[in-house]
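>>> Sequence plus predicted model, see below.
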Amino acid sequence: MKKLKITQTRSIIKCLENQKRTIKALGLGRPNYCNILPDNPQTRGMINVVKHLVKVEEVSE
């Protein structure tokens, strides 16, 4: 199963409330924090909401 390394690149100050909640749900919170999550439709949907705040890389197991 593929995994995604998600790195927050920008701050969530002045972002919409649903974007702030999505960043927290992804396990991030500050710029340069990263988290590795499974590549599934739920994760892809959350990334799509905050695509301007994060960088995504594919990671092989």
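Yep, it's here.

>>> show me the contacts for Cys34.
When contacts are counted by C-beta atoms under 8 Å, 6 or more residues apart in numbering, Cys34 touches Lys5, Ile6, Thr7, Gln8, Leu28. Where C-beta positions appear, they are placed from N, C-alpha and C, glycine not excepted.

>>> Can you spell out which helices and strands pack onto the helix or strand that Ile47 is a member of?
When elements are assigned from DSSP states H and E, Ile47 belongs to helix 41-49. When contacts are defined as 3 or more C-beta pairs under 8 Å, 6 or more residues apart in numbering; DSSP states H and E, helix 41-49 sits against strand 3-8, helix 17-25.

>>> re the thing from before, would you write a PyMOL line that selects the buried entries of the contacts of Cys34?
Restricted to the buried members of those, where burial is judged by 16 or more other C-beta atoms under 10 Å, the PyMOL selection command reads as follows:
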select buried, resi 6+8+28
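
>>> May I see the helices and strands packed on helix 41-49 arranged in TSV, with distance to Asn40 and mean pLDDT as well?
What follows is the helices and strands packed on helix 41-49, written out as TSV (distance: least, C-beta to C-beta, whole Å; pLDDT from 0 to 100):
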stretch	distance to Asn40	mean pLDDT
strand 3-8	9	97
helix 17-25	14	97
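
>>> which one of those is the most hemmed in?
Across these, averaging neighbours per residue (mean count of other C-beta atoms under 10 Å) puts strand 3-8 on top, at a mean of 18.

>>> got the angle between it and helix 41-49?
With axes from the mean of the first three to the mean of the last three C-alpha atoms, to 10 degrees as the basis, strand 3-8 and helix 41-49 are set at 30 degrees to each other.

>>> Report the distance from strand 3-8 to the chain centre.
With C-alpha atoms, centre = their mean, to the nearest Å as the basis, the distance from the averaged C-alpha position of strand 3-8 to the chain average is 6 Å.

>>> In CSV, list the C-alpha atoms belonging to it.
As requested, C-alpha coordinates have been extracted for strand 3-8 and formatted as CSV (Å, rounded to 0.1, in the frame of the first residue of the first chain):
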residue,chain,number,x,y,z
LYS,A,3,1.8,6.1,1.6
LEU,A,4,1.9,9.9,1.4
LYS,A,5,4.4,12.2,3.2
ILE,A,6,2.5,15.4,3.8
THR,A,7,4.5,18.5,4.8
GLN,A,8,2.9,21.8,5.9
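
>>> Lovely, talk soon.
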